[in-house]
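# compute the structure for the input listed below.
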Amino acid sequence: MSEEKSLNTFEKYLAVWVAACMAAGLILSQTMPGISTALNAWQIRGISVPIGICLFLMMYPAVLNLQISELRKLMRNPKPIFLTIFSNWIIAPIVTVLLARYFLVGYNQLIVSLILLGSSPCTAMVLIWGSLADGNQEQNVINTSLNTVTIMILYAPIVTLLTGIQNIPIDRGLLALSVIVFIGFPMLVGYISKKYLTESKGETWFNETYKPIIGKVSMVALLTTLIVLFSLNGDVLLNNPGLMVKVSTPLILGFVIVVGFNLLATKILGLAYREAIISVIIGSSSHFEIAIATAISLYGVGSQAALGTTMGLFWEVPIMLGLVQIGKWLDARGFWDK
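From the prediction side, this is the model:
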């Protein structure tokens with residue numbers, strides 16, 4: 001009971017921990033620049049090892065929730081599932097590109113940063129947001145399982161297509177390598193370890209002992225990732241306040257438009273709250289960790305692309321936490337069907 005209460009207390013103040021870690025990263029970048037330099041220098045073939053480790057620790061627990069068997073339940077209640085697919089892979093990328101073309105003319109790296117964010121549906125943090133919102137966690141697992149599979153297949157082609165439409169050249173080989181390292185490797189390790197542990201220890205031990213422990217590691221990894229990312233990108237953030245404002249405008253507008261679309265769509269489709277809020281959260285969020293890591297791989301730490309994707313992270317966390325409260329407020333006023 002005390003553990004559950006402690007977890008709820010932690011979740012209740014998640015925004016505080018997130019803000020503290022962002023601030024800690026910025027402070028480290030200015031007071032101990034040697035740490036940022038050392039972290040940035042630790043690369044293999046252009047891939048940041050520190051970020052790779054942090055992303056692995058975040059992605060691995062999400063992959064443990066990947067349940068192929070859950071995908072068989074798609075047709076039980078397909079409307080919320082297909083809504084999130086449509087929002088993630090059609091609405092969000094189109095809205096992102098249109099806003100980038102209007103607000104970021106002449107800033108190719110910032111345009112790429114928005115494309116990287118808009119083309120990467122979330123597979124990890126939505127499990128936390130969905131839990132905070134008291135949403136349908138079975139649907140959440142189905143959606144995240146589906147996103148985990150589709151992002152591996154669609155991320156690189158969509159990014160390549162959208163940057164090509166904008167006539168912005170990118171290193172396709174490095175983009176593909178980023179997908180393999182940051183998405184494919186955690187998926188492979190997660191699949192192998194899950195198969196081995198369930199066969200050797202049993203599903204009960206895996207679900208009731210191993211996954212809860214690893215789940216806590218995921219949260220620690222998130223906060224550590226924030227410190228690492230903001231320490232690496234501290235200079236570019238603090239030295240370019242104008243660019244921060246410039247890229248924030250389409251980012252915030254994009255969230256407003258996509259969230260508004262999903263709220264309206266769930267209302268029109270007649271979804272109940274617990275299904276609707278999961279659809280809104282998943283359909284409106286991005287896999288900012290993958291986007292940031294890919295931006296740094298393509299353009300380097302301190303680049304405008306790194307700044308743009310990091311600002312995506314900066315805005316998404318409070319917006320998603322706010323969306324949890326907005327969803328509960330709308331539900332209390334009868335916005336969705338019961």
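# only C-alpha atoms for contact and neighbour calcs from this point on.
OK.
# could I get the contacting residues of Lys328?
With contacts defined as CA atoms under 8 Å, 6 or more residues apart in numbering, the neighbours of Lys328 are Ala133.
# and the next helix or strand past the helix or strand hosting Val179?
Taking DSSP states H and E as the definition, Val179 sits inside helix 172-179. Remark: after helix 172-179, the chain's next helix or strand is helix 185-201, criterion DSSP H and E.
# so what does that next one touch, helix or strand wise?
helix 49-64 (3 or more CA pairs under 8 Å, 6 or more residues apart in numbering; DSSP states H and E).
# tilt between the helix it packs on and helix 172-179?
Calculated by axes from the mean of the first three to the mean of the last three CA atoms, to 10 degrees, helix 49-64 forms an angle of 60 degrees with helix 172-179.
# could you give the average pLDDT over helix 49-64?
Mean per-residue pLDDT for helix 49-64: 76.
# what does stretch 271-280 give?
Per-residue scores along stretch 271-280 average to 92.
# how about that stretch as CSV, C-alpha atoms only?
Provided in CSV are the C-alpha atoms of stretch 271-280 (Å, rounded to 0.1, in the frame of the first residue of the first chain):
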residue,chain,number,x,y,z
LEU,A,271,-16.2,7.0,-27.4
ALA,A,272,-16.4,6.7,-23.7
TYR,A,273,-14.0,8.6,-21.5
ARG,A,274,-11.5,5.7,-20.7
GLU,A,275,-11.1,4.9,-24.5
ALA,A,276,-11.3,8.5,-25.6
ILE,A,277,-8.6,9.9,-23.3
ILE,A,278,-6.1,7.2,-24.4
SER,A,279,-6.8,8.0,-28.1
VAL,A,280,-6.3,11.7,-27.4
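# give me the residues contacting that stretch.
Residues outside stretch 271-280 that contact it (CA under 8 Å, 6+ apart) are 80-81, 83-84, 130, 133-136, 139-140, 259, 262-263, 266-267, 324, 327, 331, 336-338.
# Produce a ChimeraX select command limited to the buried residues of those residues.
Buried subset of the contacts of stretch 271-280, written as a ChimeraX selection, criterion 16 or more other CA atoms under 10 Å:
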select :80,81,83,84,130,133,134,135,136,139,140,259,262,263,266,267,324,327,331,336
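# in strands, which of the contacts of stretch 271-280 fall?
Residues of those located in strands (DSSP state E): none.
# that older thread, now do the helix holding Val179 against helix 185-201, angle only.
Interaxial angle, helix 172-179 versus helix 185-201 (the same axes, to 10 degrees): 30 degrees.
# and helix 172-179, what's buried?
174-179.
# next one: stretch 228-244
Neighbour-count burial for stretch 228-244 [16+ other CA under 10 Å]: 228-237, 243-244.
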